[in-house]
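Undergrad: Everything below, folded, please.
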Amino acid sequence: MSRVIHLSDLHFGKDRPDLLEPLIACVNDVSPDLVVISGDLTQRAREGQFKEARDFIDRISAKVLSVPGNHDVSLHRPFRRFFWPWRSYRKWIDQDLTPNFENDEMIVVGINSVDRFSWQTGRLTAERINHACDAMDGAPASKARVLVVHHPLEHPAETNKKPIPGAEDALSRLLSCGANLILSGHLHTWHAGNFTIESGTTTAVQLHAGTSLSSRVRGEPNDFNVIDISGDRIAIERLSYNEETQWFETTEARQFNRASDTIFE
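TA: Predicted structure coming up:
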């Protein structure tokens, strides 16, 4: 079995300092094989905020794979955003904007969905999609294929944010390349379920994390996901922050079969 922790939307600069120690302790207690951060490590892409994010990552005992979010490029400094959008992210977080991780049971592929010219909605170019497909194509069929992207490729009905342009076509292509599980953030709300789009007779699981540290909640508690992958089973637990106990506790648990659209509650 492989265990992945999925964090998102930390928003250092608009974070809750009281959640920092419980989150780090809980993440390390779970003993994951990999910790994934699906973007928005900072609030305004400032050097000090990236340094705080780096310090946070350095305290995690497991390997960390992250992708940028739209808040990780500067909004209010357009010259920097247009010409050097990734300078601070690459300096403090990772030179690689599309990192990969692989072990005996899974391959995890990062996709950069951020567009410096379309700051809110993002963009998935053919080159970015092909890069992810090439990475998945190289893995044995027995391995789960997990993608990490900041912008969701399908929005729950209750959200009013605009989806990423071309999301349906991008999702169809990624599913045809064998994606089993796609992790995302951006909406600050939690969601787990199968995509409505299918490729052949199979679909994939979409998992949105809310916000793990930010005070910018959308009527939901701060949370993160614990994912256990074993054979064809994907087990998901949502851990939400309890203000009374001051600890992250399981509030949702679901199991999926990555070979079909079956959900095991």
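
Undergrad: Can I get the host helix or strand of F248 in CSV? Just the C-alpha atoms.
TA: Using DSSP states H and E, F248 falls within strand 247-257. Once non-C-alpha atoms are left out, strand 247-257 reads as follows in CSV (Å, rounded to 0.1, in the frame of the first residue of the first chain):
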residue,chain,number,x,y,z
TRP,A,247,-6.6,18.7,15.8
PHE,A,248,-7.4,17.4,12.4
GLU,A,249,-10.0,14.6,12.5
THR,A,250,-11.6,12.3,10.0
THR,A,251,-14.9,13.7,8.8
GLU,A,252,-15.3,11.8,5.5
ALA,A,253,-14.2,8.4,4.2
ARG,A,254,-14.8,6.9,0.8
GLN,A,255,-13.3,4.1,-1.3
PHE,A,256,-13.2,3.9,-5.1
ASN,A,257,-12.2,1.2,-7.6
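
Undergrad: Need the contact partners of that strand.
TA: 22-23, 26, 190, 192, 194, 205, 221, 223-224, 232-242, 262-265 (C-beta atoms under 8 Å, 6 or more residues apart in numbering). (Each C-beta comes from the backbone N, C-alpha and C, glycine too.)

Undergrad: Pull the distance from that strand to the chain's centre.
TA: 16 Å (C-alpha atoms, centre = their mean, to the nearest Å).

Undergrad: Low-confidence stretches in the stretch 151-265 of the chain?
TA: Scanning the stretch 151-265 of the chain for pLDDT under 70 picks out 158, 198-202, 259-265.

Undergrad: in it, which spans are helices?
TA: 167-176 (DSSP state H, counting those that start in this stretch).

Undergrad: any idea where the strands of it begin and end?
TA: 181-184, 191-194, 205-208, 223-230, 233-242, 247-257, 263-264 (DSSP state E, counting those that start in this stretch).

Undergrad: list the helices and strands the third one packs on?
TA: With contacts defined as 3 or more C-beta pairs under 8 Å, 6 or more residues apart in numbering; DSSP states H and E, the secondary structure elements packing on strand 205-208 are strand 181-184, strand 191-194, strand 233-242.

Undergrad: go again using 10 Å as the cut-off
TA: Strand 205-208 is packed against strand 144-148, strand 181-184, strand 191-194, strand 223-230, strand 233-242, strand 247-257, with contacts defined by 3 or more C-beta pairs under 10 Å, 6 or more residues apart in numbering; DSSP states H and E.

Undergrad: so which of the ones you listed comes closest to Q120?
TA: Q120 lies closest to strand 181-184 among those, at 14.8 Å (C-beta to C-beta).

Undergrad: could I get the helices and strands packed on strand 205-208 as TSV with mean neighbour count and distance to G122?
TA: What follows is those, written out as TSV (neighbours: other C-beta atoms under 10 Å; distance: least, C-beta to C-beta, whole Å):
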stretch	mean neighbour count	distance to G122
strand 144-148	27	14
strand 181-184	26	11
strand 191-194	18	18
strand 223-230	21	21
strand 233-242	20	24
strand 247-257	16	26
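
Undergrad: what about those strands, which gets the closest to F12?
TA: Closest among these, using C-beta to C-beta: strand 223-230, at 15.4 Å.

Undergrad: Next, the angle from that closest one to strand 144-148.
TA: 160 degrees (axes from the mean of the first three to the mean of the last three C-alpha atoms, to 10 degrees).

Undergrad: Distance check, the spatially most central residue of the chain against T211.
TA: Centroid check for the chain by C-alpha atoms, centre = their mean gives S38 as the closest residue, at 2.7 Å. Counting by C-beta to C-beta, to the nearest Å, the gap from S38 to T211 is 11 Å.

Undergrad: shared neighbours, these two?
TA: Residues touching both S38 and T211 (C-beta atoms under 10 Å, 6 or more residues apart in numbering): L7, S8, D9, G185, H186.

Undergrad: got a winner among those residues for most neighbours?
TA: Neighbour counts for those peak at S8, which has 34 neighbours (criterion: other C-beta atoms under 10 Å).
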